Every structure is written in structure tokens, then in C-alpha cells.
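Novice: Output the structure for:
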Amino acid sequence: MQTNMFRLGDAAWYRWVSFVLAAVVQFGPGRHFYRGAWNQFKARSSNMDTLVALGSTTAFAYSA
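Specialist: Okay, the predicted model is just below:
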């Protein structure tokens, strides 16, 4: 089964554009979760922000 219909995954420029767009989303709108997780870390506690920050960071790092 062909998962890359337009074969864009083979182009180096497409991989870089995808990386940059994912980083913008990760560290732009996602900074709210990082701030919340950091505040909870300083309070020696955790909440949903911690879970979202850890999970999305792990997924971003793995895909990068």
C-alpha cells in the first residue's frame, strides 16, 4: 500500500518544511503547556500540562 501518494517524503525540502512547521506548532501554541508544567515543577506537583508537555515533547523528539 502506497502511503506517500505524492512522494513528497522523498524530497529533502519537504522534510525540512515539515520539521519547521511542526516546531512552530510545538513551541508556539504549545508554550502554554510548557509554562504550566514548569510552574507545577517548581511547586513539586504535576497536572495535565505536565502530561501534555512530556508527551508532545517525546513525540516531537522521536519524529525529529
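Novice: in this protein, which spans are helices?
Specialist: Counting by DSSP state H, the chain has these helices, from start to end: 12-27, 31-42, 48-63.
Novice: Can you convert those into JSON lines and add a column each for mean neighbour count?
Specialist: In short, each C-beta sits where N, CA and C put it, glycine included. As requested, these are arranged in JSON lines below (neighbours: other CB atoms under 10 Å):
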{"stretch": "helix 12-27", "mean neighbour count": "12"}
{"stretch": "helix 31-42", "mean neighbour count": "14"}
{"stretch": "helix 48-63", "mean neighbour count": "13"}
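Novice: the bottom helix or strand of this protein by mean pLDDT?
Specialist: Sorting the helices and strands of the chain by mean pLDDT, DSSP states H and E puts helix 12-27 at the bottom, at a mean of 92.
Novice: Which other helices and strands does that helix contact?
Specialist: In terms of contacts (3 or more CB pairs under 8 Å, 6 or more residues apart in numbering; DSSP states H and E), helix 12-27 is packed against helix 48-63.
Novice: Looking at the helix it packs on now, give me its mean pLDDT.
Specialist: Mean per-residue pLDDT for helix 48-63: 95.
Novice: Can you give the contact residues for that helix?
Specialist: 22-23, 26, 30, 32-37, 39-41 (CB atoms under 8 Å, 6 or more residues apart in numbering).
Novice: Output that helix as PDB, nothing but the C-alphas.
Specialist: Listed next in PDB are the C-alpha coordinates belonging to helix 48-63 (Å, rounded to 0.1, in the frame of the first residue of the first chain):
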ATOM      1  CA  MET A  48      -2.400  17.800  32.800                       C
ATOM      2  CA  ASP A  49       0.000  20.500  31.500                       C
ATOM      3  CA  THR A  50       2.900  18.200  32.600                       C
ATOM      4  CA  LEU A  51       1.500  15.200  30.800                       C
ATOM      5  CA  VAL A  52       0.800  17.200  27.600                       C
ATOM      6  CA  ALA A  53       4.300  18.800  27.600                       C
ATOM      7  CA  LEU A  54       6.100  15.500  28.200                       C
ATOM      8  CA  GLY A  55       4.000  13.600  25.700                       C
ATOM      9  CA  SER A  56       4.200  16.200  22.900                       C
ATOM     10  CA  THR A  57       8.000  16.700  23.500                       C
ATOM     11  CA  THR A  58       8.600  13.000  23.300                       C
ATOM     12  CA  ALA A  59       6.700  12.600  20.100                       C
ATOM     13  CA  PHE A  60       8.400  15.700  18.600                       C
ATOM     14  CA  ALA A  61      11.800  14.500  19.500                       C
ATOM     15  CA  TYR A  62      11.100  11.000  18.300                       C
ATOM     16  CA  SER A  63       9.900  12.200  14.900                       C
END
